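Trainee: Structural data only, the sequence is not supplied:
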């Protein structure tokens, strides 16, 4: 069976290209050999389950340990019913052990125990009969909440002193969140969450599964070349790594789009141009990974951080838990200067597109009056079309997005999506800290730079600053004309929306600027 790039579920080395486990978890063997209880956390779809499934098989095959990945996700349906959650979890464990372990290493029949003690009793009984030190990786631990999570963590804590004779030699909690977040999920006080780890205060280490390095991306793609003979032209790996930041799902998803959709003939090389085409296809497909990002963007503590970034502002003072939460999600990362930034260019493009989609679906049919008879873009007609669109729909659409501060930007992007649909693209650069959003619209041979600014209550007119920023933007692009759009948010009424207007002006560098006040 030929191998392929995997974008759904754990990888199997017989069927999928994958990065060797020990490259990604260089410190884990030291913890296991030392009998540590530890946490491994990372965002979804970076390879946690794959890595630990493989590690469990390797450890068991070595004859030194009985090692297994067990999921507690079946208990997630019973947030505050410990009894039902334990039964569901143990039923799943029974089947997992039968599948992943040879018979001498499997657990006995689960012992009778009272509710709230079944998990600990099962692990104790298993350890008693297992001829090798038992190593357990508890996957999806953060799927549990409330009393169920509190009970499981407490049972693990209570059994820890009995190891290695009466409890697993080494155990890992595996999920998206770091250990400090488990107190909140278990129903603890938010005020204590930054000062007290959790009911599970026996960890030796908290590991993060990192993204792929540039060399690992190259090694993954070379596996495809080795299997099929299809080569990746110079620059492809570098472009993939730049777009994804090494995020494993994105790396595999781009690979799959390129070799299965765009260039399915293995005798043909994958060219640099195919990377960006694959990126567009990936965004349009809205696979599960991207849909899960859309769900997260609706969460209040995510919105508090993402919204100011979208309009070019620096997020205000944030609770430490919110900051850690969004880092653990993998949406943001800490940049070289210590500031928060979007984790990779694909996410940076996806985030505003996902948010603008909610507005775009509210827009009725638009006639492409901005096109010339030959199908090229007419900038003057595009300006007329936008002003008419804004006057008619702006008021209602501004209320259609939960991202109130970024609403004008999202409405503008929703309109432009309709303009470039099928024939162009929009590059977005939200320059955090600058108070602006840069858009670069391409449609066939036409290029239109757009600078977006917001005039808020208590602020001075941003016209002068906006013209200076547009001037620098045009200079960087080697272009002589662009738009400066100033959204007036000083009034509660929508009269300024209906009075949207445009005026020709000059930038400080004597470049042409269409100043739109909306």
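Mentor: On my side now, so go ahead. As the structure is a prediction and not an experimental result, all values here were calculated from the model. Numbers count the residues shown, from 1 in each chain.
Trainee: what about residue 369, neighbour count?
Mentor: The number of residues packed near residue 369 is 11, by other CB atoms under 10 Å. C-beta coordinates here come from the backbone N, C-alpha and C atoms, glycine included.
Trainee: hang on, it packs against residue 381?
Mentor: Yes: at 5.7 Å, residue 369 and residue 381 qualify as touching, with contact defined as CB atoms under 8 Å.
Trainee: can you give me the strands in this protein?
Mentor: 37-41, 66-71, 134-139, 170-175, 205-208, 332-334, 340-342, 424-431, 436-443, 446-455, 481-488, 501-506, 512-517 (DSSP state E).
Trainee: so which of those strands is the most packed in?
Mentor: Most buried of these by mean neighbour count (mean count of other CB atoms under 10 Å) is strand 170-175; its value is a mean of 26.
Trainee: can you give me the angle that strand makes with strand 66-71?
Mentor: Angle, strand 170-175 to strand 66-71, by axes from the mean of the first three to the mean of the last three CA atoms, to 10 degrees: 20 degrees.
Trainee: Distance of the most centrally placed residue in the chain relative to residue 388?
Mentor: Residue closest to the mean C-alpha point of the chain, counted by CA atoms, centre = their mean, is residue 331 at 4.4 Å. Separation of residue 331 from residue 388 (CB to CB, to the nearest Å): 36 Å.
Trainee: sorry, back to before: list residues touching both of residue 369 and residue 381?
Mentor: Common neighbours of residue 369 and residue 381, counting by CB atoms under 8 Å, 6 or more residues apart in numbering, are absent.
Trainee: who touches residue 371 in this structure?
Mentor: Contacts for residue 371 were tallied using CB under 8 Å, 6+ apart; they are 377, 378, 381.
Trainee: what about it, distance to residue 360?
Mentor: Separation of residue 371 from residue 360 (CB to CB): 19 Å.
Trainee: swap in residue 2?
Mentor: Residue 2 is 39 Å from residue 360, by CB to CB.
Trainee: mind listing what residue 377 touches?
Mentor: With CB under 8 Å, 6+ apart, residue 377 has these contacts: 370, 371, 419, 424, 443, 444, 446, 448.
Trainee: Residues in a beta bridge with the fifth one, which ones?
Mentor: Assessed by DSSP bridges, residue 443 has beta-bridge partners residue 424, residue 446.
Trainee: likewise the second one?
Mentor: Per DSSP bridges, the residues bridged to residue 371 are residue 377.
Trainee: which of the contacts of residue 371 lies closest to residue 338?
Mentor: Closest approach to residue 338 among the contacts of residue 371 (CB to CB): residue 377, at 41.2 Å.
Trainee: quick one, phi psi at residue 406?
Mentor: Dihedral pair for residue 406: phi -100, psi 10, per degrees, to the nearest 10.
Trainee: ok, how many other residues are close to the nearest residue to it once chain neighbours are set aside?
Mentor: Leaving aside its sequence neighbours, residue 406 sits nearest to residue 310 (CB to CB, 6 or more residues apart in numbering; 4.3 Å). The number of residues packed near residue 310 is 22, by other CB under 10 Å.
Trainee: before we move on, what about residue 96?
Mentor: 16.
Trainee: Renumber starting at 26 from here on
Mentor: Will do, 26 is the new start, and the previous item becomes residue 121.
Trainee: Tell me who's in contact with the spatially closest residue to residue 528 that is not a sequence neighbour.
Mentor: Closest residue to residue 528 apart from its sequence neighbours, by CB to CB, 6+ apart: residue 540 at 5.0 Å. Contacts here follow CB under 8 Å, 6+ apart; on that basis residue 540 touches 488, 491, 492, 508, 509, 511, 527, 528, 529, 530.
Trainee: pLDDT score assigned to residue 540?
Mentor: If you check residue 540, the pLDDT there is 96.
Trainee: any idea how far it is from residue 498?
Mentor: According to CB to CB, residue 540 and residue 498 sit 14 Å apart.
Trainee: Run through the stretch 176-325 of the chain and note the low-pLDDT ranges.
Mentor: For the stretch 176-325 of the chain, the stretches flagged by pLDDT under 70 are 204-227.
Trainee: Let me see the ranges of the helices in it.
Mentor: Ranges of helices within the stretch 176-325 of the chain are 207-210, 239-253, 261-269, 273-281, 297-310, 313-322, 325-335, based on DSSP state H, counting those that start in this stretch.
Trainee: From the chain's centroid, how far away is the second one?
Mentor: Pointing back at helix 239-253 there. Computed by CA atoms, centre = their mean, to the nearest Å, the chain-centroid distance of helix 239-253 equals 24 Å.
Trainee: Quick check: can you list the domain ranges of this structure?
Mentor: Using automatic domain parsing, the domain parsing of the chain gives 46-233, 239-310, 316-542.
Trainee: Output these in CSV, with distance to residue 37 appended to each entry.
Mentor: As requested, the domains of the chain are exported to CSV (distance: least, CB to CB, whole Å):
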stretch, distance to residue 37
domain 46-233, 8
domain 239-310, 13
domain 316-542, 22
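Trainee: Just the pLDDT at the closest residue to residue 123 other than its chain neighbours, thanks.
Mentor: Using CB to CB, 6+ apart and skipping the chain neighbours, the partner closest in space to residue 123 is residue 131 (6.3 Å). Residue 131 is assigned a predicted lDDT (pLDDT) of 97.
Trainee: What of residue 459?
Mentor: Residue 459 is assigned a predicted lDDT (pLDDT) of 59.
Trainee: Then the one 3 residues further on?
Mentor: For residue 462, the pLDDT comes out at 77.
Trainee: Show me the beta-bridge partners of it.
Mentor: Residues in beta-bridge contact with residue 462 (DSSP bridges): residue 455, residue 477.
Trainee: That one against residue 453, yeah?
Mentor: Yes: Residue 462 is within contact range of residue 453, at 7.0 Å (criterion: CB under 8 Å).
Trainee: re earlier: now distance to residue 38 too, for the helices of the stretch 176-325 of the chain, in TSV please.
Mentor: TSV is the format used below for those (distance: least, CB to CB, whole Å):
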stretch	distance to residue 38
helix 207-210	32
helix 239-253	10
helix 261-269	21
helix 273-281	14
helix 297-310	24
helix 313-322	21
helix 325-335	35
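Trainee: Return the most buried member of those helices.
Mentor: Stretch with highest mean neighbour count among those: helix 273-281 (a mean of 25; mean count of other CB under 10 Å).
Trainee: Which neighbouring elements make contact with that one?
Mentor: helix 239-253, helix 261-269, helix 297-310, helix 313-322 (3 or more CB pairs under 8 Å, 6 or more residues apart in numbering; DSSP states H and E).
Trainee: Output these in a markdown table; the columns should cover distance to residue 421.
Mentor: Output for these, formatted as a markdown table (distance: least, CB to CB, whole Å):
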| stretch | distance to residue 421 |
| --- | --- |
| helix 239-253 | 45 |
| helix 261-269 | 35 |
| helix 297-310 | 26 |
| helix 313-322 | 21 |
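Trainee: Tell me if I'm right that residue 56 and residue 229 touch.
Mentor: Yes: in this structure, residue 56 is within contact of residue 229 by CB under 8 Å, at 6.4 Å.
Trainee: From residue 139, how far off is the residue nearest to the centre of the chain?
Mentor: Applying CB to CB to residue 356 and residue 139 gives a distance of 42 Å.
Trainee: likewise residue 310?
Mentor: Plainly put, residue 310 is 49 Å away from residue 139 if you go by CB to CB.
Trainee: Just give the nearest non-adjacent residue to residue 197, would you?
Mentor: Of all residues not flanking residue 197 in the chain, residue 162 sits nearest, at 4.7 Å (CB to CB, 6+ apart).
Trainee: Let me see the contact set for the one you found.
Mentor: Per CB under 8 Å, 6+ apart, neighbours of residue 162: 65, 77, 80, 81, 92, 93, 94, 95, 196, 197, 199.
Trainee: This completes my enquiry, with thanks.
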